[in-house]
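Enquirer: Just the structure for this:
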Amino acid sequence: MDTAGLTKLLEPQGWALLAELPPYAEEEALHLADRLRRRGADPELVTAALTQSRLRARARAKFGEFAEQMLFTATGLEQATRLVVAAHHARRYAAAGCSRVADLGCGLGGDAMALSALGVPVLAVDADEATAALATVNLRHFPTATVHHGDALALDLTAEGVDAVYADPARRTAGGRRTFDPAAYAPPL
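Expert: Below is the predicted model of the structure:
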């Protein structure tokens, strides 16, 4: 998602437009976009809202009902951990008694959501500014979650009070193909 579209979605009228959209139906999307534009809605906002509606529909397979209150990018959704898997990871960190977990390369924040839902404080870090902004939105209901935009490898874990790390690096090349070379992961292991 481009920054301008994200900015428009995060404004009150963007949230309102997104909330009023019917469940996404590919065959109705063009007609709906046309109706919204004729009503006077900003074309860039309409595009961003319909994109989110489509992504939310796809995200239900990974996030269930939580998808309806989240924001996504296509790449972020593709790489996001399924909620059931994130919950399994979170239970392990909670059982270990972790006091604060750093989710390095948090993406859209799915794993951080699962940790926070179990009361485990989490510091979610992502190098991409727009992705960190989306993670902030997605984690807004979890007071024990903090999101930082920055280089996960430069984070001072001790200064941040972190006693555990979760890292699930991106395993896709710039062309979108899956890579099995750990040196190509971002950030690298």
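
Enquirer: Sketch out the strands for the protein, chain order is fine.
Expert: Listed in chain order, the strands of the chain (DSSP state E) span 101-104, 122-126, 145-149, 164-167.

Enquirer: packing partners for the last one?
Expert: This means strand 164-167. helix 83-95, strand 101-104 (3 or more CB pairs under 8 Å, 6 or more residues apart in numbering; DSSP states H and E). In short, each C-beta sits where N, CA and C put it, glycine included.

Enquirer: ok, now the first one?
Expert: Contacts defined by 3+ CB pairs under 8 Å, 6+ apart place strand 101-104 against helix 110-117, strand 122-126, strand 164-167.

Enquirer: Swap in 10 Å and give it another go.
Expert: helix 83-95, helix 110-117, strand 122-126, strand 145-149, strand 164-167 (3 or more CB pairs under 10 Å, 6 or more residues apart in numbering; DSSP states H and E).

Enquirer: same thing with the second one?
Expert: For strand 122-126, the elements it packs on are strand 101-104, helix 110-117, helix 129-138, strand 145-149, strand 164-167, judged by 3+ CB pairs under 10 Å, 6+ apart.

Enquirer: Turn these into TSV, columns for mean neighbour count, distance to T179 and mean pLDDT.
Expert: TSV is the format used below for the helices and strands packed on strand 122-126 (neighbours: other CB atoms under 10 Å; distance: least, CB to CB, whole Å; pLDDT from 0 to 100):
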stretch	mean neighbour count	distance to T179	mean pLDDT
strand 101-104	26	18	96
helix 110-117	27	20	97
helix 129-138	21	19	94
strand 145-149	20	25	97
strand 164-167	18	16	94
